[in-house]
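what's the 3D shape of this:
(chains A and B)
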Amino acid sequence: QKEVEQDPGPLSVPEGAIVSLNCTYSNSAFQYFMWYRQYSRKGPELLMYTYSSGNKEDGRFTAQVDKSSKYISLFIRDSQPSDSATYLCAMSVSSSGYSTLTFGKGTMLLVSP
Amino acid sequence: GAVVSQHPSRVICKSGTSVKIECRSLDFQATTMFWYRQFPKKSLMLMATSNEGSKATYEQGVEKDKFLINHASLTLSTLTVTSAHPEDSSFYICSASGRASLSDTDTQYFGPGTRLTVL
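Model prediction:
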């Protein structure tokens, strides 16, 4: 079993839809969770960073962490064609930027106008 | 936010040549930089962790003599792919850990990537 599981998609939705992206993990030592957005042929861009279980909201994006179920989610409200990208979840055991990140495979999202 | 640049963005070379990729943190000092490799529709694979002024730590299965990493300053790390072969063709991405301001999160910030094609 891989440490981080993420459905690769693609996930196709119409503009304006609510998108739910998810990752599960097996290592209970993971304490810090991130979502990155990666456009084609570009480097990943940090979207959300969370620590504790619960929700964190930033504009149209909400990150949710359920440590008891080892399950994290990213919700995108009012999705736009510009949201079309690959979304990678990542996690680490330490809050330090020096710690190794473990990534999911990424979910490709396609938002059609 | 913290900005990381990479150069070149794309390189095409002949088999047997060496290619150097630069990774720079533009607005913050990065004691640690990471080098990743990404195949199409695959996740990021960590190749090595580079600390300023010391030898890089390579992940299992990554040839250190093949992928030379130098981290000579707090803002620059280089990856040299030596005697490149077609199977080395990939998307190479660096990241730098740190933050440019107090409002930034202390985590890894990624460069835009370098696409290497070996003919």
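
Who are the contact partners of B:Ser9?
B:112-115 (CB atoms under 8 Å, 6 or more residues apart in numbering or on different chains). All C-beta spots, glycine's among them, are computed from the backbone N, C-alpha and C.

pLDDT at it, what is it?
Per-residue pLDDT puts B:Ser9 at 96.

give me phi/psi at it?
phi -80, psi -30 (degrees, to the nearest 10).

Can you name the residues that contact residue 50?
If you meant another chain, say so; for now it's chain A. Contacts of A:Thr50 by CB under 8 Å, 6+ apart are A:32-34, A:56, A:63, A:65, A:72.

that's the other chain; I wanted chain B
With CB under 8 Å, 6+ apart, B:Ser50 has these contacts: B:32-35, B:56-57, B:69-71, B:77.

could you say what helices and strands the lowest-mean-pLDDT helix or strand in chain B packs with?
Ranked by mean pLDDT, DSSP states H and E, the weakest helix or strand in chain B is strand B:107-110, scoring a mean of 88. If you count contacts as 3 or more CB pairs under 8 Å, 6 or more residues apart in numbering or on different chains; DSSP states H and E, strand B:107-110 packs onto strand A:32-38, strand A:45-50, strand B:90-98.

partners of the residue in chain B that chain A sits nearest to in the sheet?
Of all residues in chain B, the one sitting closest to chain A is B:Ser97 (3.3 Å; CB to the nearest CB). Applying DSSP bridges to B:Ser97 gives these bridge partners: B:Gln108.

I figured it hits B:Asp104, correct?
No - between B:Ser97 and B:Asp104 there is no contact under CB atoms under 8 Å: 11.1 Å.

Compare the two (neighbour count), which wins?
B:Ser97 (22 against 17; other CB atoms under 10 Å in any protein chain shown).

how far away is that one from B:Phe28?
Counting by CB to CB, to the nearest Å, the separation of B:Ser97 from B:Phe28 is 9 Å.

ok, now B:Ala56?
On the measure of CB to CB, B:Ala56 and B:Phe28 end up 20 Å apart.

So which bits of chain B are right by chain A?
Of all the residues in chain B, those in contact range of chain A (CB under 8 Å from any CB of the partner chain) are B:1, B:4, B:6, B:31-32, B:34, B:41-44, B:46, B:49, B:91, B:93, B:95, B:97-99, B:105-113, B:115.

returning to what we had before: please report which of the contacts of A:Thr50 has the highest neighbour count.
Neighbour counts for those (other CB under 10 Å) peak at A:Ile72, which has 28 neighbours.

what sits against it?
A:Ile72 makes contacts with A:22-25, A:33, A:50, A:63-66, A:89, A:91, as judged by CB under 8 Å, 6+ apart.

Which one of these is nearest to B:Glu87?
Within the contacts of A:Ile72, proximity to B:Glu87 (CB to CB) peaks at A:Cys89, which comes in at 28.4 Å.

So which bits of chain A are right by chain B?
Counting by CB under 8 Å from any CB, the residues of chain A close to chain B are A:8, A:32, A:34, A:36, A:41-46, A:49, A:88, A:95-98, A:100-101, A:103-106, A:108.

All set now, cheers.
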